[in-house]
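Undergrad: Give me a 3D structure for the following:
(one chain, ligands or ions: 1)
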Amino acid sequence: MADRKAKKICIAIDGPAGSGKSTTARMVAARLGYLHLDTGAMYRAVTLHALQQHIDLLDNDKLVDVTRNSHIHFENNGSMQRVFLNGADVTEAIRTPQVTNSIGPVAANPQVRAILVEKQQEVMRRGGVVAEGRDIGTVVCPQAELKIFMVASIAERAKRRHKELQDKGIEVDLQTLIKDMEQRDSQDTGRKVNPLKQANDAILLDNSQMSVDEQVDFVIHKAQEILAADAGHN
Ligand code: DC
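TA: Sure, this is the predicted structure:
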């Protein structure tokens with residue numbers, strides 16, 4: 001019998017900030033040998049580029065221009081993924097509070113979103129991708145074989161962020177983090193274009209009481225069920 005190439009599916013992981021999407025997506029992708037597509041990093045890279053160019057983020061034409069001139073690519077470095085903007089490594093630069101606090105108008109711009117969504121769809125068409133973001137299951141890849149909508153209580157998400165910052169030697173008040181998170185949630189869900197929303201056929205995963213390994217196992221198990229069902233049909 002001819003050796004059939006194993007099917008590779010697309011996995012969409014959406015959810016609010018701090019819900020553990022990135023860690024889960026990265027680990028699931030590594031275990032399946034899939035590509036990890038961090039779409040938040042793309043919005044961050046465009047925001048960084050716009051700040052570097054000192055443009056008004058509300059100037060539509062200039063922002064669209066900057067987006068078109070933002071060539072973003074990812075490189076795997078061991079278990080860590082590095083992000084490049086026009087050839088420069090911006091992995092750390094896109095995570096500063098200045099970038100995080102400036103993303104709102106960039107993520108809310110319909111033309112910016114259309115350009116980035118098209119790039120994301122190009123990657124996802126190849127299959128074998130774990131993409132994480134806010135609109136993957138609803139807009140970027142509604143046909144993804146597996147969709148996860150990952151949530152955790154705001155208290156838990158703020159606690160995790162607090163620990164992450166403490167580990168880096170940064171001390172921030174927990175209440176401030178809770179407020180920041182509430183603000184980002186309302187920005188993400190209240191946006192007119194492609195807001196954060198659970199797709200009808202997405203599996204809701206509340207990981208407030210779960211370990212990272214448990215979250216990863218949950219997604220892998222669901223993916224394996226889909227792959228096994230597909231193999232059974234052939
Ligand atoms: O996942 P993240 O926190 O790194 O994302 C950064 C920002 O980008 C976040 O404020 C929302 C926005 N974003 C988006 O609008 N759509 C996506 N698919 C991914 C991120």
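
Undergrad: so V193 touches R113, yeah?
TA: Yes. Under the criterion of Cβ atoms under 8 Å, V193 makes contact with R113 at 5.5 Å. For every residue, glycine as well, the C-beta is placed using N, CA and C.

Undergrad: what comes up buried for stretch 43-60?
TA: The neighbour-count check on stretch 43-60 (16 or more other Cβ atoms under 10 Å) flags 43-51, 57 as buried.

Undergrad: ok, residues contacting the lengthiest helix in the chain?
TA: In the chain, with assignment by DSSP state H, the single longest helix is helix 212-232. Residues from elsewhere that reach helix 212-232 (Cβ atoms under 8 Å, 6 or more residues apart in numbering): 6-7, 9, 11, 13, 20, 23-24, 27-28, 31-32, 145-146, 148, 150, 203, 205, 207, 210.

Undergrad: Residue numbers of this protein in contact with the ligand?
TA: With Cβ under 6 Å from any ligand atom as the criterion, the chain comes near the ligand at residues 17, 39-40, 43-44, 103, 107, 133-135, 184, 188.

Undergrad: ok, now which ones touch T67?
TA: Counted by Cβ under 8 Å, 6+ apart, T67 has contacts 46, 111-112, 115-116.

Undergrad: Switch these over to JSON lines; also include distance to F218, pLDDT and secondary structure.
TA: Below are the contacts of T67 laid out as JSON lines (distance: Cβ to Cβ, whole Å; pLDDT from 0 to 100; DSSP: H, G, I helix; E, B strand; the rest coil):
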{"residue": "V46", "distance to F218": "32", "pLDDT": "98", "secondary structure": "helix"}
{"residue": "Q111", "distance to F218": "36", "pLDDT": "98", "secondary structure": "helix"}
{"residue": "V112", "distance to F218": "33", "pLDDT": "98", "secondary structure": "helix"}
{"residue": "I115", "distance to F218": "33", "pLDDT": "98", "secondary structure": "helix"}
{"residue": "L116", "distance to F218": "28", "pLDDT": "98", "secondary structure": "helix"}
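
Undergrad: Which of the residues you listed lies at the shortest distance from the ligand?
TA: When the contacts of T67 are ranked by distance to the ligand (Cβ to the nearest ligand atom), L116 comes first, at 7.7 Å.

Undergrad: Which residues are in contact with that closest one?
TA: L116 touches 39, 42-43, 46, 67, counting by Cβ under 8 Å, 6+ apart.

Undergrad: If we use 10 Å, what do you get?
TA: 39, 42-43, 45-46, 67, 70, 72, 106-107, 109, 133, 140, 194 (Cβ atoms under 10 Å, 6 or more residues apart in numbering).

Undergrad: In strands only, show me these.
TA: Counting by DSSP state E, the contacts of L116 place 72, 133 in strands.

Undergrad: of the contacts of L116, closest to R95?
TA: Closest approach between the contacts of L116 and R95, by Cβ to Cβ: A45, at 10.9 Å.

Undergrad: In the chain, what residue spans correspond to helices?
TA: Counting by DSSP H, the chain has helices at residues 21-32, 39-52, 60-68, 97-107, 110-124, 154-167, 174-190, 212-232.

Undergrad: Can you tell me which of the ones you listed is packed in deepest?
TA: Most buried of the helices of the chain, by mean neighbour count (mean count of other Cβ atoms under 10 Å): helix 39-52, with a mean of 23.

Undergrad: so what secondary structure elements neighbour it?
TA: Helix 39-52 sits against helix 21-32, helix 60-68, strand 72-77, strand 80-85, strand 88-89, helix 97-107, helix 110-124, strand 129-133, with contacts defined as 3 or more Cβ pairs under 10 Å, 6 or more residues apart in numbering; DSSP states H and E.
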